[in-house]
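Novice: Turn this into a structure:
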Amino acid sequence: MQRTLIRRAQYGLQSDGARGLQPWRKRVTDYQSFKSQYGPDYKIGYHMAGVDRSSIVWYGYLAAGMGGAAGIFALFFFDGVPRVQQDILQKVPFIGDFYKHEVPPEDNPF
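Specialist: Predicted coordinates for the structure are as follows:
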């Protein structure tokens, strides 16, 4: 006997039907999952592509932290550029005076 026929016959565990094969049973379209009246009252939360609200909030906080760190790094990396000093860093309340460079009158050649 061939292997496929042995598998299909299932050794008499099920009724053999026509030539040892079971016809496919049609799927029930109006099937709803069983919910016991004694079990907990549960609801399926809203999600999109497997990501629910709590993970969106978590990823939002993570992205905000990374963006803030990247912004602070960019400010300190470009603090030697005069345009960044004048437009951004001089307007920060506590550290703005550090970036204001006034030439004393005795050092001014003009």
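
Novice: can you tell me which residue is nearest the centre of the chain?
Specialist: By CA atoms, centre = their mean, the chain has its centre lying nearest to Y59, at 5.4 Å.

Novice: residues in contact with that one?
Specialist: Taking CB atoms under 8 Å, 6 or more residues apart in numbering, we find Y59 in contact with V51. Every residue, glycine included, has its C-beta placed from N, CA and C.

Novice: C-terminal to the longest helix anywhere in the chain, what's the next element?
Specialist: If you go by DSSP state H, the chain has its longest helix at helix 53-77. Next along the chain after helix 53-77, taking DSSP states H and E as the criterion, comes helix 82-87.

Novice: Alpha carbons of that following helix, in CSV - could you do that?
Specialist: Backbone C-alpha positions of helix 82-87 (Å, rounded to 0.1, in the frame of the first residue of the first chain) are rendered in CSV as follows:
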residue,chain,number,x,y,z
PRO,A,82,27.2,81.5,14.4
ARG,A,83,23.8,81.2,12.8
VAL,A,84,22.7,78.6,15.4
GLN,A,85,24.1,80.8,18.2
GLN,A,86,22.2,83.9,17.1
ASP,A,87,18.9,82.3,16.1
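
Novice: which of the residues in that helix are buried?
Specialist: Across helix 82-87, burial judged by 16 or more other CB atoms under 10 Å covers 84-85.

Novice: what's next to that helix, contact-wise?
Specialist: Counting by CB under 8 Å, 6+ apart, helix 82-87 makes contact with 75, 78-79, 99, all of which sit outside it.

Novice: Just send the residues you listed back as CSV, with distance to A49, neighbour count and pLDDT too.
Specialist: Formatted as CSV, the contacts of helix 82-87 follow (distance: CB to CB, whole Å; neighbours: other CB atoms under 10 Å; pLDDT from 0 to 100):
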residue, distance to A49, neighbour count, pLDDT
L75, 35, 14, 90
F78, 37, 13, 93
D79, 41, 14, 89
Y99, 46, 16, 85
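
Novice: Would you mind checking which of the residues you listed is nearest to Q37?
Specialist: Closest approach to Q37 among the contacts of helix 82-87 (CB to CB): L75, at 60.8 Å.
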